[in-house]
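**Student:** Next one to model:
(2 chains)
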2 protein chains.
Amino acid sequence: MAVGDVSMPHMHVVQGVKIGSAEAYVRYPNRRDLVIFEFSKGTNVAGVFTQNAFCAAPVHVSKAHLAQANPRYLVINTGNANAGTGKLGMQNAQLTCLKLAELAQVEAFEVLPFSTGVIGEQLPIERLTQGLQPALTSLKGDAWNDAATGIMTTDTTPKGASEQFELDGITYTMTGISKGAGMIRPNMATMLSFVATDMPIARTLVQKMLKVSADQSFNRITVDGDTSTNDSCIFAATGCAGGVEITTEDDVRYTVVLEVLSRVMKRLAQLIIRDGEGATKFITVAVEGGHNTQECCDIAYSIAHSPLVKTAIFASDPNWGRILAAIGYAGVKDLDVEKIQVWLDEVQICKDGGAAEDYTEEAGARVMSQTEMTIRVDLGRGPAKDTVYTCDLSYDYVKINADYRS
Amino acid sequence: MAVGDVSMPHMHVVQGVKIGSAEAYVRYPNRRDLVIFEFSKGTNVAGVFTQNAFCAAPVHVSKAHLAQANPRYLVINTGNANAGTGKLGMQNAQLTCLKLAELAQVEAFEVLPFSTGVIGEQLPIERLTQGLQPALTSLKGDAWNDAATGIMTTDTTPKGASEQFELDGITYTMTGISKGAGMIRPNMATMLSFVATDMPIARTLVQKMLKVSADQSFNRITVDGDTSTNDSCIFAATGCAGGVEITTEDDVRYTVVLEVLSRVMKRLAQLIIRDGEGATKFITVAVEGGHNTQECCDIAYSIAHSPLVKTAIFASDPNWGRILAAIGYAGVKDLDVEKIQVWLDEVQICKDGGAAEDYTEEAGARVMSQTEMTIRVDLGRGPAKDTVYTCDLSYDYVKINADYRS
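**Tutor:** All right, here's what the predicted structure looks like:
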């Protein structure tokens, strides 16, 4: 189902991170739907969360706990989002933390809860908390694959990325997982992602690196304010591989690690698109020549969100008028349409706001029939550029979302 | 295919308006794809047009001509939108006006051109202009049904509304037609609408009444800036039924006529939704209790645009969490989710931001299985309210839009 190579790489163990899972029967029996991360003491942790006003109970609790201390545990359930669940939902998220804290002998605020699945139903809190001890008992370093599988909802494949890099003679690891799937507009996907390294990094920099990398990855498949109730991304640096802690951006290692993190997160974000609900094609929308990156993003998202563009791509139909229309309604002020160029891969379809003279339907259709393509737009009015990633809109998207709860 | 009663009413003749049509073979043979309106001298005409930066050549020309004088003729072709067609497209739109002006012995600026259909292809200008004389020859008052049929694209049914009303002993008529169809987000629909009355109304008031009525009708199924390349709505007052011209809003007749116009335009707008591509259900989204109408609209559109909400409605699945999520990402500041109530018709699904205690899936599913329903949201923070109209998202939407050009 997924587009292109989405196979799991070898998931290198991150020193200082242990992972456990259990069957808690949150929604379906016989699946390991409860996952726990344990971080060694001294791990610095940062998070970015959904901007949705209806953010889920676990998001409220995770934000509050993160503000108090570095967490020692993450507890993640799939099958139920614990969103739109009112006071009882909050109590259940807190209770989950409390129960795990008791079992693991830490403070409740050292546990962050995460949930994904159906919105508006209460967690089966007894079954969930009964799964905590078995999950704790199963903790081990080499379980990233189990975690990637455990957090899936409508995902058709587990999603992982892992790299090793050497600095000052020490081999460090950066490993992460993600889940997503709903993708016609990314706001409906619940995206969860958990990334960890065993490099020592100061907490403020962990937060900064996460923000920068999220803006190039998960925030390039979604729009500010256009997020689900549960979207969360966590980055943890355990420091367990040794070496001197990075405490400033001026440290030459900072740039190296940031690049690795950004690459890992971009891969994790792109995997969500490649496994988008009903996706048959992976589309890069690259907009250049803008006054600023905001307007490049606005236009890229306008194209990437257009159901008419997405259905045309599904049909391998180079109906480029739909792309022009999407550029035109992006809300960018004073757009001079006569300076706009549009390409499908290397085929120029629009020149100076009109049809490119040497464009042929055959050339357009050839690109459109590929499973991966780039829609490139040059606004011809500045130096800024930005890129977003999306997928097409197929019959299966409707089928999956019409059937999701049955 | 269309939802509910979309049958054409008796289309009362508007004195001072004649309509002709011809087969011009713009895209398909054997259909009357060219329509001409003739207004008697002295008719006051106003227009509202798309905000899309890539607005089509005929929109540029119509706006320029309207600024110069009251038009005597409208010329409308279906099959080709003449959008994204550069300088040649502009020349073709102007040439169409010029040719019709020559034949009808008026000035070119007294003709407004309109096009709808595929974007990015040049008009078959010779065939189109050859159709002008036959269309002129066929002019007659009683041809609103022909016009409604002539301007259709993926519409499955012609769309019309017509009323008569009496003022000061004179019987006046208000008759109009519209076309639309693409509706997952209304920005993709090319909406055209032409409404005329034989009442005498000053031109400034014709413009004002059109703006007010559009804001309650066509602008409640679309978003500012979220419009197609060709959207246009024209209102003409011929004055041919006699009586004293309305020259001020203080004239008691102004309110009466405005009500009739608004009702006719709302019907024409709703017909577009009822015939939305692949639509199986007609959905009213009513948001109340807002600080102002803008935030009510923002939330209503967020729900109405959500593919997840629309697929759930298609599946008759009361997955109300998706409605909450759409409210949450609408971008309204400082939303207190604990004050939010949501109903499906009379069934309260969300109370104070969580599930309503006495809500049952059965009750929700019963409403969702209807072909018409209202999603009502109370934000609990003010006196403002607003309403938008939309349809569900079905397999057929994808099919129609994936196949549109084939």
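
**Student:** how about the nearest residue to the residue in the stretch 201-350 of chain A that chain B sits nearest to, chain neighbours excluded?
**Tutor:** Using CB to the nearest CB, the closest approach of the stretch 201-350 of chain A to chain B is made by residue A:321 at 2.3 Å. C-beta coordinates here come from the backbone N, C-alpha and C atoms, glycine included. Among residues not flanking residue A:321 along the chain, residue B:119 sits closest, at 2.3 Å (CB to CB, 6 or more residues apart in numbering or on different chains).

**Student:** From what I see, that neighbour and residue B:83 are in contact.
**Tutor:** Yes. If you go by CB atoms under 8 Å, residue B:119 and residue B:83 touch, sitting 4.5 Å apart.

**Student:** And the helices in chain A, which stretches?
**Tutor:** A:57-68, A:86-104, A:125-130, A:132-137, A:144-150, A:203-216, A:252-274, A:293-305, A:307-314, A:320-328, A:361-368, A:395-403 (DSSP state H).

**Student:** Mean neighbour count, the ones you listed: which tops it?
**Tutor:** helix A:320-328 (a mean of 29; mean count of other CB atoms under 10 Å in any protein chain shown).

**Student:** hang on, the earlier thing: ok, residue B:119 and residue B:83, which is more surrounded?
**Tutor:** Neighbour count, other CB atoms under 10 Å in any protein chain shown: between residue B:119 and residue B:83, residue B:83 has more, with 29 against 26.

**Student:** Please determine how far that one is located from residue A:328.
**Tutor:** Going from residue B:83 to residue A:328 by CB to CB, to the nearest Å gives 9 Å.

**Student:** Also residue A:268?
**Tutor:** Counting by CB to CB - residue A:268 and residue A:328 are separated by 33 Å.

**Student:** what do you get for residue A:381?
**Tutor:** Applying CB to CB to residue A:381 and residue A:328 gives a distance of 15 Å.

**Student:** Let me see the ranges of the strands in the stretch 151-300 of chain A.
**Tutor:** Counting by DSSP state E, counting those that start in this stretch, the stretch 151-300 of chain A has these strands, from start to end: A:159-167, A:170-179, A:192-197, A:232-237, A:282-290.

**Student:** pLDDT below threshold where in the stretch 301-406 of chain A?
**Tutor:** Low-confidence segments of the stretch 301-406 of chain A (pLDDT under 70): A:397, A:400-406.

**Student:** How about the residues of it by chain B?
**Tutor:** Listed as neighbours of chain B in the stretch 301-406 of chain A under the rule CB under 8 Å from any CB of the partner chain: A:306-308, A:311-312, A:314-315, A:317, A:319-322, A:324-325, A:327-332, A:335, A:337-338, A:350, A:352-355, A:393-395, A:397-399, A:401-406.

**Student:** ok, the spatially closest residue to residue A:168 that is not a sequence neighbour - contacts?
**Tutor:** Sequence neighbours aside, residue A:243 is the residue nearest to residue A:168 in space, at 6.0 Å (criterion: CB to CB, 6+ apart). Residue A:243 is in contact with A:167, A:168, A:170, A:172, A:199, A:200, counting by CB atoms under 8 Å, 6 or more residues apart in numbering or on different chains.

**Student:** same thing with residue A:241?
**Tutor:** A:15, A:170, A:171, A:172, A:173, A:198, A:199, A:200.

**Student:** what about the first one, distance to residue A:161?
**Tutor:** What it means is residue A:15. From residue A:15 over to residue A:161 (counting by CB to CB), the distance is 18 Å.

**Student:** pLDDT at the nearest residue to residue A:45 once chain neighbours are set aside, what is it?
**Tutor:** Once flanking residues are discounted, residue A:45 sits nearest to residue A:236: 4.6 Å by CB to CB, 6+ apart. The model reports residue A:236 with a pLDDT of 98.

**Student:** Equivalent analysis for the one 3 residues further on, please.
**Tutor:** Each residue has a pLDDT score; the one for residue A:239 is 98.

**Student:** thinking it is in contact with residue A:202, fair?
**Tutor:** No. Taking contacts as CB under 8 Å, residue A:239 lies outside contact range of residue A:202: 9.8 Å.

**Student:** and for the two, which residues touch both?
**Tutor:** Common neighbours of residue A:239 and residue A:202 (CB under 8 Å, 6+ apart) are A:44, A:245.

**Student:** Tell me which of these two has more neighbours.
**Tutor:** Per other CB under 10 Å, whichever of residue A:239 and residue A:202 has more neighbours is residue A:239, with 22 against 16.

**Student:** dump the residue contacts of that one.
**Tutor:** For residue A:239, counting by CB under 8 Å, 6+ apart, the contacting residues are A:16, A:42, A:43, A:44, A:198, A:199, A:200, A:201, A:245.

**Student:** hmm, stretch A:277-292 touching chain B?
**Tutor:** No. Stretch A:277-292 is not in contact with chain B by CB under 8 Å from any CB; minimum separation 9.0 Å.
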